[in-house]
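>>> Give me the fold of what follows.
(chains A and B)
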Amino acid sequence: MLVGLSWILVCQLVGEILARVLRLPVPGPVLGMVLLLLALMVRGGVPAELRSVGEGLLRHLSLLFVPAGVGLVVHGARLRAEWLPISVAVLLSTVIALAITALVLSRFTAGRADSAE
Amino acid sequence: MPNEISRIWVYLAEQPLLWLTLTIVLYIAAGTVSRLAKGHPLVHPVVITIAVLIAVLLATDTNYDTYFDGAQFIHFLLGPATVALAIPLYDNRSQIRALWLPLLIACLAGAGAAAASAVGLAWLLGASLQTLMSLAPKSVTTPIAMGVAEQLGGLPSLTASVVVITGIVGAVVAGPLFQVIRVQDDRARGFALGVASHGFGTAQALTISTTAGAFAGLGLGMAGLMTAFLLPLAYRLLGS
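Residues are numbered from 1 along each chain as shown, chains lettered A, B, ... in the order given. Prediction:
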């Protein structure tokens, strides 16, 4: 487990350092994802330990958003004052973005090999 | 005796252990409730967990910083989880390589629509400038969204919460929406979830299939990168 976790943490750490040294507006973990992907392509496979740690983290991904979501409690006053624009904007723009992305991509994928291949 | 209880409470309420444990145990319980309700969207485990935790914080007069001292251990794992998305990406690399141009176009359209429609709608309904700038990056992953909000003059902490709500909305409406607009391809479903509702959508996509999960991870990363570079640029070009 430690080896698998180290793969992930080292990529994240290098990503954080690169983002700062190169002054990129991209967060360290996203660069870390790119670095891990490159490492896996060079290595030509996912080590079993890395897979078990990584998939364990991803299985409970939605739990990881709870602390930030509870942060709503700090913005009670603003939410009461601007609940209508905030809720309409969040709701509709999410539906619009989902629909546009899915429709554009499925227009191109129609006719190409299905996900089952 | 009540004195004893309140002394224990005072001790525990200041410790990370209580809030960390409560967050995880509530999440597990909420998962059970959600299964009993047969996955009805309104009883999404995360919605229940957040609602109960907010109620507990308000009822016990605990401030968010105290809560976060414990919850930060969970929050921290968002970073490693983002890195771990490289695994489903690697597994699906050949499909992704074959579709790189359509993916780029779909992402640009989706991420652009997300930011433009959020700001446009909120502006029409009279939101303040600070709220508008906090809403603009709401579809992308939390760390990017907070950084962009800061650059634009929004409130990063408000953005972080709105990002989570966006994720929940995306995860809840995606199923019925894909039925209505007749998108059945797992790749398109997953990618849209990642672009429109970041890691939370990715969590939802992983429940559809690992292919959907991989494309969601890709959508999250691509939309995040595009938003990080292009949104501050668009803001400067439009001259506020």
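
>>> Tell me who's in contact with the nearest residue to B:Val52 once chain neighbours are set aside.
Leaving aside its sequence neighbours, B:Val52 sits nearest to B:Leu26 (C-beta to C-beta, 6 or more residues apart in numbering or on different chains; 5.6 Å). To be clear about C-beta, it is placed using only N, CA and C from the backbone, and glycine gets the same treatment. By C-beta atoms under 8 Å, 6 or more residues apart in numbering or on different chains, the contact list for B:Leu26 reads B:Ile48, B:Thr49, B:Val52, B:Leu53.

>>> Going by neighbour count, which of those residues comes out on top?
Neighbours here mean other C-beta atoms under 10 Å in any protein chain shown. Within the contacts of B:Leu26, the largest count is held by B:Thr49, at 27 neighbours.

>>> Please, which helix or strand holds that residue?
helix B:45-59 (DSSP states H and E).

>>> Could you give the average pLDDT over the helix or strand that that helix is followed by?
Following helix B:45-59 in sequence order, the next helix or strand is helix B:64-76 (DSSP H and E). For helix B:64-76, mean pLDDT is 92.

>>> wait, does helix B:64-76 contact chain A?
Yes. Using C-beta under 8 Å from any C-beta of the partner chain, we find that helix B:64-76 touches chain A at B:Tyr64, B:Tyr67, B:Phe68, B:Ala71, B:Gln72, B:Ile74, B:His75.

>>> Skipping adjacent residues, who's closest to the second one in space?
So the one you mean is B:Tyr67. In this structure, B:Tyr67 finds its nearest non-sequential neighbour in B:Trp19, 4.9 Å apart by C-beta to C-beta, 6+ apart.

>>> Can you give me the domain assignment for chain A?
The record assigns chain A these domain ranges, following automatic domain parsing: A:1-60, A:74-110.

>>> which of the ones you listed is buried the deepest?
Greatest average neighbour count among these goes to domain A:74-110 (a mean of 20), per mean count of other C-beta atoms under 10 Å in any protein chain shown.

>>> what about the longest helix in the chain?
Picked chain A for this. Longest helix in chain A, counting residues (DSSP state H): helix A:83-109.

>>> oops, I was thinking of chain B
Longest helix in chain B, counting by DSSP H: helix B:210-238.

>>> from the middle of its chain, how far away would that one be?
Distance, stretch centre to chain centre, for helix B:210-238: 14 Å (C-alpha atoms, centre = their mean, to the nearest Å).

>>> Same question for stretch B:4-19.
Distance, stretch centre to chain centre, for stretch B:4-19: 30 Å (C-alpha atoms, centre = their mean).

>>> which regions of chain B lie under the pLDDT threshold?
By pLDDT under 70, the low-scoring segments of chain B are B:1, B:39, B:41, B:239-240.

>>> Any idea how far the helix or strand of chain A with the lowest mean pLDDT is from the middle of the chain?
Lowest by mean pLDDT, DSSP states H and E among the helices and strands of chain A is helix A:76-81, with a mean of 89. Helix A:76-81 sits 28 Å away from the centroid of its parent chain (C-alpha atoms, centre = their mean).

>>> any idea how far chain A is from B:Met226?
Counting by C-beta to the nearest C-beta, to the nearest Å, the gap from B:Met226 to chain A is 11 Å.

>>> In contact with that residue, which residues?
Residues in contact with B:Met226, defined by C-beta under 8 Å, 6+ apart, are B:Cys107, B:Leu108, B:Ala111.

>>> Just put these in JSON lines and tack on neighbour count and secondary structure.
Shown next, in JSON lines, are those (neighbours: other C-beta atoms under 10 Å in any protein chain shown; DSSP: H, G, I helix; E, B strand; the rest coil):
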{"residue": "B:Cys107", "neighbour count": "26", "secondary structure": "helix"}
{"residue": "B:Leu108", "neighbour count": "17", "secondary structure": "helix"}
{"residue": "B:Ala111", "neighbour count": "27", "secondary structure": "helix"}
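
>>> ok, which of the residues you listed also contact chain A?
The subset of the contacts of B:Met226 within reach of chain A, by C-beta under 8 Å from any C-beta, is B:Cys107, B:Ala111.

>>> Of the contacts of B:Met226, which is the nearest to A:Gly69?
Nearest to A:Gly69 among the contacts of B:Met226: B:Ala111, at 22.0 Å, using C-beta to C-beta.

>>> hang on, isn't that closest one packed against B:Ala228?
No. Checked against C-beta atoms under 8 Å, the pair B:Ala111 and B:Ala228 is beyond contact range at 10.4 Å.

>>> Could you give the number of residues near the residue nearest to B:Thr60 when sequence neighbours are not counted?
Leaving aside its chain neighbours, B:Thr60 sits nearest to B:Ala13 (6.9 Å; criterion: C-beta to C-beta, 6+ apart). With neighbours defined by other C-beta under 10 Å, the count for B:Ala13 comes to 15.

>>> How much space separates A:Trp83 from A:His75?
Counting by C-beta to C-beta, to the nearest Å, the gap from A:Trp83 to A:His75 is 11 Å.

>>> Kindly report the same for B:Ala212.
32 Å.

>>> returning to what we had before: is chain B contacted by the least confident helix or strand of chain A?
Yes. Contact of helix A:76-81 with chain B (C-beta under 8 Å from any C-beta) involves A:Arg78.

>>> And the contacts of that helix?
Contact with helix A:76-81 is made by A:Leu72, A:Ile86, B:Thr131, B:Leu158, as judged by C-beta under 8 Å, 6+ apart.
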